[in-house]
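1. next one to model:
(one chain, ligands or ions: 3)
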Amino acid sequence: MAPPSMMTPFLRSGTPSQSGEHQVSSAVHSAVHSRSHSPTDFDTSYNEDLRSQLKVRGLLPPHVESYELQKARCLEQIAQKSNPIDKYMYLSNLRNTNVNLFYRLLMDNMKEITPLVYTPVVGEACVKWSHIYTQPEGLYLSYADRGNLRAILDNWTAEHVDIAVVTDGSRILGLGDLGVNGMGIPVGKLALYVGCAGIQPDRTLPITIDVGTENAANLKDPLYLGAKMHRVSEAEQLEFLDEMMIALNDKWPGLLVQFEDFKNPFPSLERYRNTYTCFNDDIQGTGAVVLGGTINALKNTGIPFKDQKLVFFGAGSAAVGVAKQICELFIKSGIPESDARKMFWLVDSKGMVANDRGDTLQEHKIYFSRDDNNGQQFKSLEEVVDYVKPTALMGLSTIGGAFTESVVRKMASYNEKPIIFPLSNPSSKSECTFEQAMQWTNNKVIFASGSPFPDFEADGKVYTPGQGNNMYVFPGIGLGTVLCEAVHVTQEMIYASAVGLAESLTDEEREKGLLYPNLDRIRSISVIVARSVIRAAQKENLDKNKTLQWLNDMELDNYIRSKMYNPAGGDHSGASSPTLEVNGQPAQLPNL
Ligand SMILES: NC(=O)c1ccc[n+]([C@@H]2O[C@H](COP(=O)([O-])OP(=O)(O)OC[C@H]3O[C@@H](n4cnc5c(N)ncnc54)[C@H](O)[C@@H]3O)[C@@H](O)[C@H]2O)c1
Ligand SMILES: O=C(O)C[C@H](O)C(=O)O
Ligand SMILES: [Mg+2]
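-> Ligands and ions are numbered 1, 2, ... in the order given. The predicted structure is shown next:
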């Protein structure tokens with residue numbers, strides 16, 4: 001999003017704008033009292049009266065357009081762009097110049113637009129960020145400004161901020177250390193907060209901290225927009241984050257901070273989770289979204305929990321976050337903890353994680369480290385798969401193509417319905433594709449991937465892949481936390497979000513064997529996730545907004561919906577928004 005000072009006056013006010021009328025009158029009021037125009041004064045849906053009041057008659061082309069027409073133009077322009085990055089840039093510009101139109105477009109075309117503003121295209125945008133940069137879209141906090149961060153926050157003029165997403169750019173998707181080029185991630189996550197959960201756009205704050213980079217190409221690139229320095233030490237970074245958290249909470253008390261794409265996210269999570277309102281999306285959001293899909297996948301296999309065996313390829317923050325959440329499911333089902341943790345085998349770049357491997361294990365791997373391998377060490381994934389004969393294979397390794405034909409075929413030979421989740425992002429880092437998983441398992445696979453894959457057709461049937469991406473939960477976790485004013489985000493709240501997600505499938509979706517709901521329903525899913533999170537916060541007495549305790553579930557859902565930003569005011573034309581027709585038929589969505 002644009003910094004508040006660049007945004008349209010009515011969005012700067014900080015007043016939730018629910019109806020078109022309210023937005024129009026505020027816009028008119030502000031514009032009439034100021035001489036200069038803001039970019040959003042130039043909306044072709046403004047009717048004649050509004051154009052006169054805004055003094056934009058003659059500056060706008062004459063035709064007053066319905067939203068449907070505006071949308072048709074946007075979709076046509078996107079379709080005409082031949083590469084994803086041009087589409088991304090077009091959409092960024094739209095978001096910064098006509099926020100309502102952008103979000104209506106996103107919400108009406110979730111499946112088509114999400115991949116262009118979020119994973120996978122945001123990955124390419126981040127790699128090229130310093131080259132495609134046209135305008136600031138968030139706050140860059142530099143190490144050079146340490147000691148002065150509170151004053152820098154005042155340059156962000158929004159009166160209220162509900163949610164900040166912060167990255168240090170050190171592990172952007174599976175693309176490694178991109179330094180300040182990682183800004184695309186907080187920007188993309190917050191666009192989904194607005195589109196999927198209705199957080200007010202002017203109450204979101206993307207932050208990238210610049211504490212250096214180890215990316216040699218960036219350090220040599222004259223156009224690189226960050227400091228040309230190596231990363232500061234872990235202790236120096238934590239000190240910087242301490243200052244940032246104090247400054248943020250001083251300026252916007254109680255805001256929710258989401259940590260995103262840190263190479264080593266454990267120290268900050270441990271340091272702040274019991275002090276501030278914050279969570280780590282890669283550990284906790286990912287844990288929740290994969291748990292939600294796994295609950296449905298395990299049901300589909302028909303195998304009892306106690307007989308499940310899960311191999312994780314990758315043993316980083318996401319893998320351990322996911323394994324911990326699934327382990328909790330087993331424990332809650334009555335399996336003793338000591339048995340539950342033995343249902344997991346982790347594999348990292350050195351092979352199977354075991355106590356006697358001969359290296360010093362990182363702290364976060366110890367919980368699942370094996371002590372029953374009788375001295376046997378396994379270097380490759382295939383060896384581990386042969387050894388364990390798992391029911392489920394999870395990929396969080398950043399290694400594209402790591403689930404080879406041989407590994408996948410073995411999974412199919414051990415299981416009637418193998419669970420295979422290649423969860424690494426973006427698409428190029430996915431451990432296998434949906435098509436491969438289907439072909440190599442005779443269409444038996446129970447599948448979810450981090451990045452989107454197209455449907456697969458076989459024997460006249462269309463199979464839809466699941467997308468196990470944290471976008472199904474973080475918007476609802478944030479919305480619930482903000483509305484009930486939770487003081488912390490706890491494990492119980494995260495777990496509740498996963499259960500809410502798993503239970504949100506319709507009967508039709510269940511019959512089709514889907515693991516995740518249709519993305520077009522994401523706003524209703526976010527309401528369910530938010531409600532689950534609020535109920536969990538209430539149980540732990542962490543909610544400052546006690547009034548929500550009096551509401552039953554239906555009333556609470558209605559309350560949540562009433563608080564969600566709705567860009568309905570994008571159409572000021574007064575036209576009845578007829579469906580656009582071509583040759584008497586409803587216009588087809590161009591292939592994006
Ligand atoms: N689907 C989602 O919603 C989601 C959420 C978070 C992260 N992710 C993806 O998960 C991936 C990992 O993220 P992370 O935060 O855990 O990163 P990380 O750097 O903490 O972990 C990566 C892990 O993979 C292991 N690894 C690297 N190369 C390997 C190799 N050749 N063989 C075996 N293991 C290898 C590393 O040892 C490490 O344990 C990224 O691609 C990220 O995009 C997906
Ligand atoms: O950003 C995503 O698409 C999911 C996840 O947070 C990741 O780091 O890959
Ligand atoms: Mg992430």
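2. S170 reaches D177, doesn't it?
-> Yes: judged on Cβ atoms under 8 Å, S170 makes contact with D177 at a distance of 5.0 Å. C-beta coordinates here come from the backbone N, C-alpha and C atoms, glycine included.
3. more neighbours: which of these two?
-> Neighbours were tallied for S170 and for D177 using other Cβ atoms under 10 Å; the higher tally belongs to S170 (23 against 19).
4. could you report the pLDDT at the more buried one?
-> At S170 the predicted local distance difference test score is 98.
5. how about it, what does it touch?
-> Counting by Cβ atoms under 8 Å, 6 or more residues apart in numbering, S170 makes contact with 177, 182, 213, 231, 261-264.
6. one more pass at 7 Å, please.
-> Applying Cβ atoms under 7 Å, 6 or more residues apart in numbering, one finds that S170 lies in contact with 177, 262-263.
7. how about G226: what's its closest non-neighbour residue?
-> Nearest residue to G226 in three dimensions, chain neighbours excluded: V180, at 3.5 Å (Cβ to Cβ, 6 or more residues apart in numbering).
8. tell me, how many residues neighbour that neighbour?
-> When counting by other Cβ under 10 Å, one arrives at 26 neighbours for V180.
9. any buried residues in the host helix or strand of A217, and which?
-> Element membership for A217, per DSSP states H and E: helix 216-220. Neighbour-count burial for helix 216-220 flags 218-219 (criterion: 16 or more other Cβ atoms under 10 Å).
10. and the contacts of S170 as a markdown table, adding distance to L248?
-> A markdown table is the format used below for those (distance: Cβ to Cβ, whole Å):
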| residue | distance to L248 |
| --- | --- |
| D177 | 24 |
| F262 | 16 |
| K263 | 22 |
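11. of these, just say which sits nearest to ligand 1.
-> When the contacts of S170 are compared for distance to ligand 1, the smallest value, 6.0 Å, is given by K263; criterion: Cβ to the nearest ligand atom.
12. now R271. Nearest residue, chain neighbours left out?
-> Distances taken as Cβ to Cβ, 6+ apart put L238 closest to R271, at 6.8 Å, once the chain neighbours are dropped.
13. doesn't P267 make contact with the one you found?
-> Yes: counting by Cβ atoms under 7 Å, L238 touches P267, with 6.1 Å between them.
14. and the residue in the stretch 51-200 of the chain that ligand 1 sits nearest to, helix, strand or coil?
-> When Cβ to the nearest ligand atom is the measure, the stretch 51-200 of the chain has its nearest residue to ligand 1 at G174, with 2.8 Å between them. Using DSSP: H, G, I helix; E, B strand; the rest coil, the structure places G174 in coil.
15. with V462 instead?
-> In the three-state summary, V462 is assigned as strand, counting by three-state DSSP.
16. wait, what's in contact with the residue of the stretch 51-200 of the chain closest to ligand 1?
-> With contacts defined as Cβ under 7 Å, 6+ apart, the neighbours of G174 are 398, 424-426, 429.
17. identify, from those residues, the entry nearest to S504.
-> Proximity of the contacts of G174 to S504 was ranked by Cβ to Cβ; the top entry is N425 with 22.6 Å.
18. quick check: which element contains that closest one?
-> In this structure, N425 is located outside every helix and strand according to DSSP H and E.
19. show me which residues of this structure sit near ligand 2.
-> Within the chain, the positions near ligand 2 by Cβ under 6 Å from any ligand atom are 119, 173, 261, 281-282, 425, 450, 469-470.
20. among these, which lie within helices?
-> Members of these lying in helices (criterion: DSSP state H): none.
21. any chance of these in TSV, with pLDDT too?
-> Rendered in TSV, the data for those read as follows (pLDDT from 0 to 100):
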residue	pLDDT
T119	98
L173	98
D261	98
D281	98
D282	98
N425	98
G450	98
N469	98
N470	98
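22. now the residues you listed as a markdown table including neighbour count?
-> As requested, these are arranged in a markdown table below (neighbours: other Cβ atoms under 10 Å):
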| residue | neighbour count |
| --- | --- |
| T119 | 23 |
| L173 | 25 |
| D261 | 26 |
| D281 | 28 |
| D282 | 22 |
| N425 | 25 |
| G450 | 29 |
| N469 | 26 |
| N470 | 26 |
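23. out of these, who's near ligand 3?
-> Of the entries in these, those that also sit close to ligand 3 under the rule Cβ under 5 Å from the ion are 261, 282.
24. could you identify the buried members of the contacts of G174?
-> Members of the contacts of G174 that pass the buried threshold by neighbour count (16+ other Cβ under 10 Å) are listed as 398, 424-426, 429.
25. what about ligand 1: which of those residues touch it?
-> Among the buried ones among the contacts of G174, the ones lying near ligand 1 by Cβ under 6 Å from any ligand atom are 398, 424-425, 429.
26. just name the closest of those to ligand 2, please.
-> Ligand 2 lies nearest to N425 out of these, by Cβ to the nearest ligand atom, at 3.7 Å.
27. returning to what we had before: just flag the most distant two among the ones next to ligand 1 among the buried ones among the contacts of G174.
-> Using Cβ to Cβ, the pair of those lying farthest apart is T398 and N425, separated by 8.6 Å.
28. point me to the residue of the stretch 451-592 of the chain nearest ligand 3.
-> N470 (6.8 Å; Cβ to the ion).
29. ok, that residue - contacts?
-> For N470, the contacting residues are 281, 285-286, 289, by Cβ under 7 Å, 6+ apart.
30. can I get those in CSV with secondary structure?
-> As requested, the contacts of N470 are arranged in CSV below (three-state DSSP):
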residue, secondary structure
D281, helix
G285, helix
T286, helix
V289, helix
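31. which among those residues gets closest to L149?
-> Nearest to L149 among the contacts of N470: D281, at 22.1 Å, using Cβ to Cβ.
32. pretty sure the closest one is touching E260, no?
-> Yes: between D281 and E260 there is a contact under Cβ under 7 Å: 5.1 Å.
33. give me the residues contacting the longest strand along the chain.
-> When every strand of the chain is counted residue by residue (DSSP state E), the longest turns out to be strand 204-210. The contact list for strand 204-210 (Cβ under 7 Å, 6+ apart) reads 1, 137-143, 156, 161, 163-169, 180, 182-183, 186-187, 190, 193-194, 226-227, 240, 244.
34. which of those come close to ligand 3?
-> With Cβ under 5 Å from the ion as the criterion, the subset of the contacts of strand 204-210 in contact with ligand 3 is empty.
35. could you flag which of the residues you listed are buried?
-> Neighbour-count burial within the contacts of strand 204-210 applies to 1, 137-143, 156, 161, 163-169, 180, 182-183, 186-187, 190, 193-194, 226-227, 240, 244; the criterion is 16+ other Cβ under 10 Å.
36. and E540, how close does it get to ligand 1?
-> In this structure, E540 and ligand 1 are separated by 25 Å, where distance is defined by Cβ to the nearest ligand atom, to the nearest Å.
37. where does the stretch 451-592 of the chain dip in pLDDT?
-> Counting by pLDDT under 70, the ranges of the stretch 451-592 of the chain that qualify are 568-592.
38. what ranges do the strands span in it?
-> Along the stretch 451-592 of the chain, the stretches classed as strands by DSSP state E, counting those that start in this stretch are 456-458, 461-463, 466-467, 581-582, 585-586.
39. likewise the stretch 51-200 of the chain?
-> Listed from the start of the chain, the stretch 51-200 of the chain has strands (DSSP E, counting those that start in this stretch) covering 139-142, 163-167.
40. give me the residue from the stretch 401-550 of the chain nearest ligand 1.
-> Nearest to ligand 1 in the stretch 401-550 of the chain, going by Cβ to the nearest ligand atom, is G450, at a distance of 2.9 Å.
41. from what I can see, L346 looks like it's in a helix, true?
-> No: assessed with three-state DSSP, L346 is strand; it does not lie in a helix.
42. tell me how far it lies from N558.
-> Using Cβ to Cβ, to the nearest Å, one gets 43 Å for the distance from L346 to N558.
43. also N300?
-> 33 Å.
44. what of D145?
-> According to Cβ to Cβ, D145 and N558 sit 44 Å apart.
45. kindly report the same for Y224.
-> When distances are taken as Cβ to Cβ, Y224 and N558 turn out to be 49 Å apart.
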